[in-house]
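With the input below, show me the fold.
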Amino acid sequence: MSSGTHLPPVDPDFLIVEHRPERLHAYAHGLLKRLREIRAHKGARGYPITTIKAAAAWLIESYAEAGTAPSIEAGQLISEIVRPNPDVSTLPVRRSSEEAYRAAIEFEARHPPDPTGGAPSNATVYAIAKHILGLLKNKNSSQKRAEGIVRGWRILPHYSANVRFQRAPNKT
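Predicted coordinates:
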């Protein structure tokens with residue numbers, strides 16, 4: 001292995017403590033390289049994927065204990081182990097409604113908060129619905145249908161929190 005590539009010793013009875021960022025980065029590089037070699041059918045050579053997973057968990061904990069940001073390779077290692085679906089969304093709405101959902105949040109964030117606290121802003125449901133109507137994937141959606149969608153979004157904690165987050169500091 002090169003001087004910048006190392007595999008951490010993994011033993012359930014003995015956990016190494018490492019706080020030097022350059023060593024942690026070298027471990028991340030080594031683990032990523034070995035994982036890719038295994039997946040390219042070059043063999044585990046005594047360091048199988050299950051060991052890499054255990055070492056990756058230790059590595060992320062070590063980065064946190066050291067107060068050091070993980071390297072790009074550490075992030076790539078985790079991504080290759082987890083293999084996240086690139087098409088997944090964290091929004092609590094249908095994929096077809098994401099653009100309209102974001103637009104509604106941005107629209108409400110441009111308005112002052114509702115003084116009664118009953119809604120994220122003092123913008124009317126009618127105004128928000130009119131703003132997003134063209135963004136809804138169902139081009140046959142009516143104003144009333146869009147208003148119903150907005151009412152549903154307004155009760156979501158995610159929606160209200162994002163309106164507050166997007167709001168300019170001088171409008172809160």
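
For this protein, just list every one of the helices.
Per DSSP state H, the chain carries helices over the ranges 21-39, 49-66, 72-82, 98-109, 125-132, 143-154, 157-166.

which stretch among those comes nearest Thr90?
Nearest of the helices of the chain to Thr90, taken as CB to CB: helix 157-166 at 8.9 Å. Where you see a C-beta, it was placed from the backbone N, CA and C, and this is true even at glycine.

angle of the closest one against helix 143-154?
With axes from the mean of the first three to the mean of the last three CA atoms, to 10 degrees applied, the angle from helix 157-166 to helix 143-154 works out at 80 degrees.

Give me every residue in contact with helix 157-166, excluding its own residues.
For helix 157-166, the surrounding residues in contact (CB atoms under 8 Å, 6 or more residues apart in numbering) are 91-92, 101, 104-106, 108-109, 113, 120-121, 153-154, 172.

do that again at 7 Å, thanks
Outside of helix 157-166, the residues within contact range by CB atoms under 7 Å, 6 or more residues apart in numbering are 92, 105-106, 108-109, 120-121, 153.

One more: stretch 144-156?
Under CB under 7 Å, 6+ apart, the answer for stretch 144-156 is 92, 101, 104, 119-120, 125-126, 128-129, 132-133, 136, 159.

Stretch 68-79 too?
With CB under 7 Å, 6+ apart as the test, stretch 68-79 has contacts from 21, 24-25, 28-29, 31-32, 35, 56, 59-60, 63.

ditto for stretch 84-102
Contact with stretch 84-102 is made by 132, 135-137, 153, 156, 158, as judged by CB under 7 Å, 6+ apart.

Now do the buried residues in that stretch.
For stretch 84-102, the neighbour count (16 or more other CB atoms under 10 Å) marks 93, 97, 100-102 as buried.

do the same with stretch 147-161
Buried, per 16+ other CB under 10 Å, within stretch 147-161: 147, 149-150, 153-154, 159-160.

Let me see the mean pLDDT of it.
The pLDDT scores in stretch 147-161 average 94.
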